[in-house]
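Trainee: Here is my input, please return the structure:
(2 chains)
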Amino acid sequence: MNKNPDSKEMYRLFLAKADGTISDEEHERLSQMLHGSASNRSSWFAFQDAEGALLAWAQRETLANHAAPLSSKGALGEHTRGGIWRFSAALAAGIAISFFAWGVWAGLPMRFFHGGTNAGTNVESTTPSVAVLSRGVDMKWSQTTGSPAVNAPLSPGLLHLESGVAEIEFFQGARLCIEGPAEIELISAGEAFCRSGRFRAHVPPQARGFRLRTSKGDIVDLGTDFGLDLNQSSPEVHVFKGEVELHQPKVQMQTLTGGVAAALNQPGVARTLAANVANFAFSDLDAGVNASQRHSFEKWQVSSAEGSKSADLRLRLDFQDGSGARSLRNTALHGQDIAPASIVGCSWTEGRWPGKHALQFKSLSDRVRLRVPGEYRQFTVACWVQLHGLNIRQGSICMSEGVDQGYVHWQVLHDGSLCLGIGHGVKPNLPVWEDFISPVVFTPERFGQWVHLAIVYDSAACEVRHYVDGKRISRHTIKLPVVLTPGLLELGNWNSPPKTEYRQQPVRNFIGCMDEFSIFSRAMTDGEVRALAQ
Amino acid sequence: MPNSAENSAASEQFITLLNATHGRLLGFLRTLLGNNADAEDVLQRTSLAIWRKFSEFDQGRDFFAWASSFAFYEAKNFQRITARSRLHFDDALMERLAEERVPDLDNQDARFAAMDQCIEELDVSGRELVREFYINNTDVASLAERLGRAPQTLYNRLNTLRRLLGECVKRRLGPDSLT
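Mentor: Predicted structure coming up:
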């Protein structure tokens, strides 16, 4: 028997069976082939695994790109909720995909939906970060190397601080204050190369061995405080406490102890100076940070009061209702028909600055409920959020209760992307949605940072736009514009359709903090959203 | 009657077990039913069935072995209901496939991992075509219409890619691993 044509034919039948194009006669032949040989059955198993692997890859890839529509079903490219659940569920291999279809979860334990993002995957998340920008005063960063936000993890690479003072904490424990102008290249969690500027390092015992490299030699810290001044014509290292090692090319290593300074451009010359703490006073950041935060807060108070008068602003919850408040009032001048929002659960916490309040959402029950009456052909929704993790499939930022036409569901998906879903009604038994999914926004590096989010539903331009920190990150064509009717909304949580018989509620609680939530009754431009985020 | 704490502990245990075997159950069903969509549907039915019967699960037993017997039963049931619209394998073949597939599932993870590497060897247009095809439930006609290509041409190209990818996986895993 000629093996090759036979296996080629068998492979063709495998494909036809998998794709549903197989004829009766072909199916009979395939069955005989599988009956007839264990090796054929082995090939069939391997073929099916290849199909499963390709499907899983395609789903992962699509969620990563967000380039393609989720499904081509339906004339409008709409898809049912069951569809997207199944789709995104497949990502977290290990979760029973089909449970997420509508109608089957009644009677299932609620905890079922708490699968955990990485529950079934073998791939552990990784981060290239080596340090974090812990705080700073009047920091101005060079455009070429980028401007990290406070609390942002920092990856190896060059940082160029044009002015101001920045404090970096290395993951190994060393703390480095940098006075601009300065250039520093982060190398690892315990090492950096200083090109220019003035630096002061505090190195606790557990970070011993922290190494600052310069073009004139390396300083290895043995648990201490020291300063490095590269602005002078002759760079100097000043040791305030403890001990450092000075390694310079072609000369023997020098040990410098507390109270001693050394010039770096004369290797080997034991020219010791008195350490000068006053030169490194910039590193006392407390007063500066407080003043800067106070200034930002005051600036916000002025702009917030001004902004509340805007004719297009329907809702602004400024979260300044005071600790202990159980409702949030609407400060929008033209939104007085909107009753205060009720707080269920949640705890008050500090917002972006001292004096600015925010709500923390931690538990399953935490939510803010409010009713936004009216119909909107377009709108802009914006808020500040600090996400603390992504351990559920979908976390609500703001969702209409239920699934009817015109309802708005704005969520963080478990891969860290954002999804604006607009209800197209229930036909015939399944809710139909048009979803607009952004690229991934929340990588673990962004957890714990305040991020400004905005979405614009622009029916004139027939598009939806997602914004992060004032920058547009994606735009999506609206296939079928609908009139938006937010109705009863929940921030940070969701109640499923009230009229159904579901005894169990899906778990959609947001995990993190929220501050300043606004709805405008028109589509804002890129420039306007940028201004909101400032 | 179990109290709510016991119930919650049971739910948690059930979820953990089902999560851990989900991929294998799907892989099991795929070979019996021949395509992913049906396998997913049947896995949904299976999951509900085993949740209802979970109190009868003997903790000393292998969960996959227990769950796969439900899956097998649900697969046959599914075939009975869909007999008019779908062609399916006869009972004897189903039984044989089920029996041999269980040990074969030990290869599934390695095959998936190999495929992830193989797919990277395709050029961008090839990868994009494969992605679109699987995302759209292997519906070539609508894909062809969208891309403005003849369906048969598109399908041929796709199948060439699938064959190359399958061969790549086989090559990566070596001849001994497909036992």
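Trainee: show me where the stretch 1-150 of chain A has strands.
Mentor: Counting by DSSP state E, counting those that start in this stretch, the stretch 1-150 of chain A has strands at residues A:79-80, A:131-141.
Trainee: Go through those and pick out the most buried.
Mentor: Ranked by mean neighbour count, these are led by strand A:79-80 with a mean of 22 (mean count of other Cβ atoms under 10 Å in any protein chain shown). (C-beta placed from N, C-alpha, C; glycine too.)
Trainee: Grab the nearest non-local neighbour of the residue of the stretch 201-350 of chain A found nearest chain B.
Mentor: Chain B sits closest to residue A:345 of the stretch 201-350 of chain A, with a gap of 19.9 Å, by Cβ to the nearest Cβ. For residue A:345, ignoring the flanking residues on the chain, the nearest one in space by Cβ to Cβ, 6 or more residues apart in numbering or on different chains is residue A:366 at 3.8 Å.
Trainee: and the one you found, what does it touch?
Mentor: A:344-346, A:360, A:492-493, A:509-510 (Cβ atoms under 8 Å, 6 or more residues apart in numbering or on different chains).
Trainee: circling back to that earlier point, make a markdown table from the strands of the stretch 1-150 of chain A and add mean pLDDT to it.
Mentor: Supplementary listing: the strands of the stretch 1-150 of chain A in a markdown table, determined by pLDDT from 0 to 100:
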| stretch | mean pLDDT |
| --- | --- |
| strand A:79-80 | 39 |
| strand A:131-141 | 90 |
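Trainee: Distance to residue B:76 added to those strands, as TSV?
Mentor: TSV is the format used below for the strands of the stretch 1-150 of chain A (distance: least, Cβ to Cβ, whole Å):
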stretch	distance to residue B:76
strand A:79-80	28
strand A:131-141	57
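Trainee: And these: which comes nearest chain B?
Mentor: Comparing the strands of the stretch 1-150 of chain A by Cβ to the nearest Cβ, strand A:79-80 comes nearest, at 11.0 Å.
Trainee: And the residue nearest to residue A:345, how close does it get to residue A:225?
Mentor: 43 Å (Cβ to Cβ, to the nearest Å).
Trainee: on that earlier part again, find me the pLDDT at the residue of the stretch 201-350 of chain A closest to chain B, would you?
Mentor: pLDDT for residue A:345: 88.
Trainee: what's the neighbour count on it?
Mentor: 17 (other Cβ atoms under 10 Å in any protein chain shown).
Trainee: Dump the strands of the stretch 1-150 of chain A to a markdown table, plus distance to chain B.
Mentor: Listed next are the strands of the stretch 1-150 of chain A as a markdown table, based on distance: least, Cβ to the nearest Cβ, whole Å:
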| stretch | distance to chain B |
| --- | --- |
| strand A:79-80 | 11 |
| strand A:131-141 | 31 |
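Trainee: returning to what we had before: just the buried subset of the contacts of residue A:366, written out for ChimeraX, thanks.
Mentor: Per 16 or more other Cβ atoms under 10 Å in any protein chain shown, the buried members of the contacts of residue A:366 correspond to this ChimeraX selection:
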select /A:345,346,360,492,493,509,510
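Trainee: And chain B, split by domain according to the record?
Mentor: With domains defined by automatic domain parsing, chain B comprises B:4-88, B:108-178.
Trainee: Could you dump those into a markdown table and include mean neighbour count, mean pLDDT and distance to chain A?
Mentor: Converted to a markdown table, these look like this (neighbours: other Cβ atoms under 10 Å in any protein chain shown; pLDDT from 0 to 100; distance: least, Cβ to the nearest Cβ, whole Å):
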| stretch | mean neighbour count | mean pLDDT | distance to chain A |
| --- | --- | --- | --- |
| domain B:4-88 | 18 | 86 | 3 |
| domain B:108-178 | 16 | 83 | 4 |
